[in-house]
Structures are given as C-alpha cells and as structure tokens.
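Undergrad: Just to be clear, the model below is a prediction. Sequence and coordinates:
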Amino acid sequence: MAIAEDRLPRQSEGDVNRSLRREEWARRNRDPAVDALLQEDAHYFLHQSVSTPCLSAIRKAEGIWIEDAAGRRYMDFHGNNVHHIGYGYPRLIAANKRSRETGNRPILKVTTRDLGSAVEVRVRDNGTGIASENRDKLFQPFFTTKPTGEGTGLGLSISYEIVTQQHGGTIEVDSEVGAFTEFTVRLPRKQHATTEGRAA
C-alpha cells in the first residue's frame, strides 16, 4: 500500500509514528477521561523533545502489569519500569500532593562545567533533602530509607562504582533537609583504563 507524501514523518525525533494504523489505534483506544488526565499531567511535567507523547494514563502497576485509567491491562515491556515510579510509594504520593497544594513546583537543575582536565556535572533538586545521618551511607550497597520491598538500595552504589572505578572520577552529595539535594560528578578527560580482567 502506498503512503501519501503528506503522511510521511516530517521529524526525526519524538513521535514519528503518524501512520494510518496509529491514527486508527488512537481513534479506537483514546478515552476522554484519559485525555483529560494527560492534559492535567502536561501542566505539571517537563516535556522532552525526543519522547513519544503519552497515549494513556496509568492507574495501577503490579509486577509486569500496568492498568490504564480506562481499565485496560497491559504487560509492561518498557524494561526500566519507569511506569512504576510512585505507585505504592506513599512518600512519593504525599510529596506530589504537597507540591500541588502549595504550588511549589519541583525543579531539577542540571549544569555542566569544563574544569580543564575534567568535566563536572551537577544535578540539583528543590526536594525534601537528605538527612545528615544518611548522607555518609548513600553510596553503600543495599542502603535505603524506603520500607522493605520498595527499593534495593543499589542504584547509587552502582553509580558510585561506575563513576569512581570505571571512569576514575568522583561523585559527591550536598543536601539540606527541606531545601535541596545536589549531586556533583567529576570525570577526568583522560581515559581511565581499568586493569581488571586484563592479562598482565
């Protein structure tokens, strides 16, 4: 079947699927209540130029299954389980609600700096901060402040190992409870070669 020239994608990033099949799917599957939720979501969250637009709103997530606001259940093949963030985590739900009620919009600021022989990346938020008694433990494997079953405590320890061991860099954290958290990663420009696994 030939596709009319005006039906061909005119962009290289974002949602390039403008096919007749996609439009047919949308016509059959879009739900007015879901569209209203997506409109509200668009008011609060950052849009990425390279992301496919949201086509549904998730109501529930369990294991590999997600259920949308229209009651349809799907197997989640996304791989990184990004859809599950916030589901069943009362602390995140409460923070989101508090943000909406106070009008204090979450801010995530990323800055980079050329340090000559190294590059620096800082990631800072205006969230709840990290208590001082937890800062020294952040990069330890299996450390988590989340209740049992809500987190493995491996994310930051793996990040620390990648930055320090594989790239010869540093990663630091600064935080003030109730104000901000900032991670600073410095990576040397010179390639850091690890000797692990190499023949002597």
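TA: Structure's in. What do you need?
Undergrad: quick one: the strands in the chain?
TA: Taking DSSP state E, the strands of the chain run over residues 58-62, 65-68, 73-75, 108-114, 118-125, 170-176, 180-188.
Undergrad: what residues does the fourth one touch?
TA: This points to strand 108-114. 46, 119, 120, 121, 122, 123, 124, 125 (CB atoms under 8 Å, 6 or more residues apart in numbering). Quick note: C-beta positions are derived from backbone N, CA and C, even for glycine.
Undergrad: ok, the residue nearest to the second one when sequence neighbours are not counted - contacts?
TA: Read it as residue 119. Excluding the flanking residues, the one nearest residue 119 by CB to CB, 6 or more residues apart in numbering is residue 187, at 5.5 Å. Listed by CB under 8 Å, 6+ apart, the contact partners of residue 187 are 118, 119, 121, 163, 167, 168, 169.
Undergrad: how about low-confidence regions in the protein?
TA: In the predicted model of the chain, residues 1-18, 42-55, 62-64, 76-92, 147-151, 191-200 satisfy pLDDT under 70.
Undergrad: Okay, domains of it per the record?
TA: 13-87, 108-188 (automatic domain parsing).
Undergrad: mind checking how far residue 94 is from residue 128?
TA: Distance of residue 94 to residue 128, given as CB to CB, to the nearest Å: 10 Å.
Undergrad: just residue 117 next, same as before
TA: As for residue 117, its distance to residue 128 is 35 Å (criterion: CB to CB).
Undergrad: do residue 139 as well
TA: From residue 139 to residue 128 the distance is 19 Å (CB to CB).
Undergrad: In terms of neighbours, single out the busier of those two.
TA: Comparing residue 139 with residue 128 by other CB atoms under 10 Å, the one with more neighbours is residue 139, at 18 against 15.
Undergrad: ok, that one - contacts?
TA: Per CB under 8 Å, 6+ apart, neighbours of residue 139: 156, 157, 159, 160, 171.
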